[in-house]
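[1] what's the 3D shape of this:
(one chain, ligands or ions: 1)
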Amino acid sequence: MKMYDIIAKKRDGKELTREEILFFTKGCSNDTIPDYQTAALLMAIYLNGMTDNEILSLTLAMRDSGESANLSEIEGHTVDKHSTGGVGDKTTMIVVPIAAALGCKVVKMSGRGLGHTGGTVDKLESIPGFRTEITRNRLVVIVNSVGACMVGHSANLAPADKKIYNLRDVTATVDSLPLIASSIMSKKLACASDCILLDVKFGSGALMTDMGEAMSLANEMVKIGKAAGKKMAAVLTSMDMPLGFAVGNSLEVIEAVKVLKGEQKGDLYDICIELAAHMAHLTSGLPISECRRLSIEAIDNGTAFLKFKEIVAAQGGDTACLDNTELFERAEFCTEIKAARFGYISHLNTQLIGKASMELGAGRAVIDDKIDHAAGIILEKKTGDYVAPGDIIATLYTNDDSMIYDAAVIFDSAIEYADSKPETPPLIYDVIK
Ligand code: URA
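    This is a model prediction of the structure:
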């Protein structure tokens with residue numbers, strides 16, 4: 001088999017076989033295929049797309065390029081949840097304890113933040129003592145006893161995807177639906193849970209800004225998961241403004257605690273109830289309406305918050321901070337963003353808000369950047385709110401005051417005003433099964 005022939009076949013719009021895709025994936029990860037040939041094939045895929053069979057073959061080949069988690073000693077069906085990423089998305093810290101309180105076995109493997117989106121691992125690590133690197137044996141013990149564990153990805157998770165993604169990043173081939181779907185699903189399948197719930201976001205802070213494209217991505221990923229033998233569902237949700245009010249690591253933990261204690265309702269609460277209900281539905285088969293009722297009850301009767309404390313304690317974290325969130329370290333500097341005029345906030349460009357948060361130190365521009373766990377943004381107003389000049393729209397927090405001016409300028413540019421109240425799209429658009 002020759003890489004030249006595989007490139008030519010894809011260039012001419014023909015379907016690659018499973019063997020050809022395996023040859024390419026193996027050669028790419030063990031460096032026997034030069035980067036220029038991999039890049040050429042990626043561009044041919046970008047321009048010509050892939051069939052469902054090709055996408056499945058690529059996903060499985062990338063999954064098998066590294067280790068898959070061994071969850072066989074976990075008692076009961078395991079469930080995982082994946083969000084395609086957004087700004088202020090702290091749903092994992094709320095949804096995982098709710099689902100565990102309902103009896104699900106949740107093995108949640110997450111990544112770190114990069115660019116304008118945050119990562120669950122960074123958020124969790126803002127809880128003093130919390131460990132996201134856990135041995136497999138300990139993970140099994142925690143999930144069997146507590147019901148859930150939230151850890152980082154293993155270093156050897158789908159290495160072929162890492163190699164291919166790095167090349168996509170420098171060859172303008174990131175925005176390819178088959179490549180995105182296979183990239184995400186190769187890692188989720190390697191995490192090896194029996195059931196997978198996807199939260200596929202659309203809007204100005206999402207991977208897919210367009211709702212139709214997000215729907216196609218969700219459909220494709222559900223198809224891949226089912227073909228690989230998983231129970232699957234995808235919830236299509238809006239990311240056209242930050243989720244909740246907090247953006248930034250410890251600020252988001254504090255907000256998650258408020259929701260778990262039943263002290264905050266609204267968009268974040270609504271989305272978490274829906275996601276937790278779908279996780280419970282996938283694993284138990286109970287009607288979705290019953291799973292929704294049980295999820296609400298778990299917040300109302302305190303079992304979801306108790307479960308969060310159990311998970312945090314099992315992973316070495318200090319639960320005193322959760323009982324009293326005043327104990328979280330606070331940022332040294334802050335500045336307020338005030339409304340420039342009378343009117344409604346008609347749009348908050350979510351990607352720009354994520355960038356402002358990154359400037360404050362809450363995120364990484366490059367993979368080696370250090371995180372300031374206390375940095376970030378608290379929104380006082382959101383899309384649809386009426387403001388008068390001088391009203392506080394947000395407060396920015398950081399420990400590095402050299403960045404605060406630039407962050408404020410970026411945040412200001414994210415705000416759009418209108419004279420009439422804007423229509424806001426539904427938060428939860430569709431569920432794909
Ligand atoms: N996230 C991934 O893991 N892969 C992509 O291609 C895009 C987003």
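
[2] Closest residue of the stretch 201-350 of the chain to the ligand?
    residue 207 (5.5 Å; C-beta to the nearest ligand atom). Where you see a C-beta, it was placed from the backbone N, CA and C, and this is true even at glycine.

[3] number of nearby residues for that residue?
    Residue 207: 20 surrounding residues under other C-beta atoms under 10 Å.

[4] and what of residue 370?
    Around residue 370 there are 6 other residues, counting by other C-beta under 10 Å.

[5] Same question for the one 5 residues further on.
    One way to gauge burial is a neighbour count; for residue 375, by other C-beta under 10 Å, it gives 30.

[6] Hmm, it is touching residue 356, no?
    No: counting by C-beta atoms under 8 Å, residue 375 sits too far from residue 356 to count as a contact (10.5 Å).

[7] neighbouring contacts of stretch 98-105?
    The contact list for stretch 98-105 (C-beta atoms under 8 Å, 6 or more residues apart in numbering) reads 74-79, 81, 106, 143-144, 146-148, 260, 272-273, 276, 279-280, 283-284, 291, 294-295, 298-299, 303-304, 306-307, 311.

[8] Can you measure across that stretch, start residue to end residue?
    11 Å (C-alpha to C-alpha, to the nearest Å).

[9] in that stretch, what counts as buried?
    For stretch 98-105, a neighbour-count test (16 or more other C-beta atoms under 10 Å) marks 98, 99, 100, 101, 102, 104, 105 as buried.

[10] and the contacts of stretch 98-105, which are buried?
    74, 78-79, 81, 106, 143, 146-148, 260, 272-273, 276, 279-280, 283-284, 291, 294-295, 298-299, 303-304, 307, 311.

[11] mind listing which of these are in strands?
    Taking DSSP state E, the ones among the buried ones among the contacts of stretch 98-105 that sit in strands are 78, 79, 81, 106, 148.

[12] For the last one, give the beta-bridge partners.
    Listed beta-bridge partners, residue 148: residue 106 (assigned using DSSP bridges).

[13] What residue in this structure comes nearest to the ligand?
    For the chain, C-beta to the nearest ligand atom, closest residue to the ligand: residue 183, 3.4 Å.

[14] What is the neighbour count of that residue?
    Residue 183 has 22 nearby residues by other C-beta under 10 Å.

[15] which one among the buried residues of stretch 98-105 gets closest to residue 241?
    Of all those, residue 241 sits closest to residue 98, with 23.0 Å by C-beta to C-beta.

[16] what's the closest non-adjacent residue to the closest one?
    Nearest residue to residue 98, sequence neighbours excluded (C-beta to C-beta, 6 or more residues apart in numbering): residue 276, at 3.8 Å.

[17] now the protein, which segments are flagged as low pLDDT?
    By pLDDT under 70, the chain has no low-scoring segment.

[18] can we see that at 90?
    Under the criterion pLDDT under 90, the flagged ranges of the chain are 29, 85-86, 111-118, 153-156, 204-205, 207, 365-369, 423-425.

[19] just the strands in it please.
    So, for the chain - with DSSP E - the strands run 78-83, 105-110, 148-152, 195-202, 231-238, 246-247, 333-338, 343-348, 376-379, 386-387, 392-398, 415-418, 428-432.

[20] Tell me which of those sits most buried.
    When the strands of the chain are scored by mean count of other C-beta atoms under 10 Å, the highest mean neighbour count falls to strand 246-247 (a mean of 30).

[21] Domain-wise, how is this protein divided?
    Domain segmentation of the chain under automatic domain parsing yields 3-49, 78-155+190-323, 329-418.

[22] gap between the two ends of the shortest one?
    Okay, so that is domain 3-49. Terminal-residue distance, domain 3-49 (C-alpha to C-alpha): 18 Å.

[23] quick one: that domain to chain centroid distance?
    Mean-position distance between domain 3-49 and its chain equals 29 Å (C-alpha atoms, centre = their mean, to the nearest Å).

[24] does any bit of it sit next to the ligand?
    No: residues of domain 3-49 contacting the ligand under C-beta under 6 Å from any ligand atom: none, with a closest distance of 11.2 Å.

[25] Stretch 139-154 near the ligand anywhere?
    No: Stretch 139-154 lies out of reach of the ligand by C-beta under 6 Å from any ligand atom, never closer than 10.2 Å.

[26] Show residues contacting that stretch.
    Counting by C-beta under 8 Å, 6+ apart, 66-67, 69, 71, 73-75, 78, 92-93, 96-97, 99-101, 103-112, 120-121, 124, 132-134, 187, 191, 307, 310-311, 314-315 sit against stretch 139-154.

[27] how does it look with 6 Å?
    Residues outside stretch 139-154 that contact it (C-beta atoms under 6 Å, 6 or more residues apart in numbering): 67, 73-75, 96, 100, 105-109, 111, 121, 124, 132, 134, 310-311, 314.

[28] So which of the residues you listed belong to helices?
    96, 100, 121, 124, 310, 311, 314 (DSSP state H).
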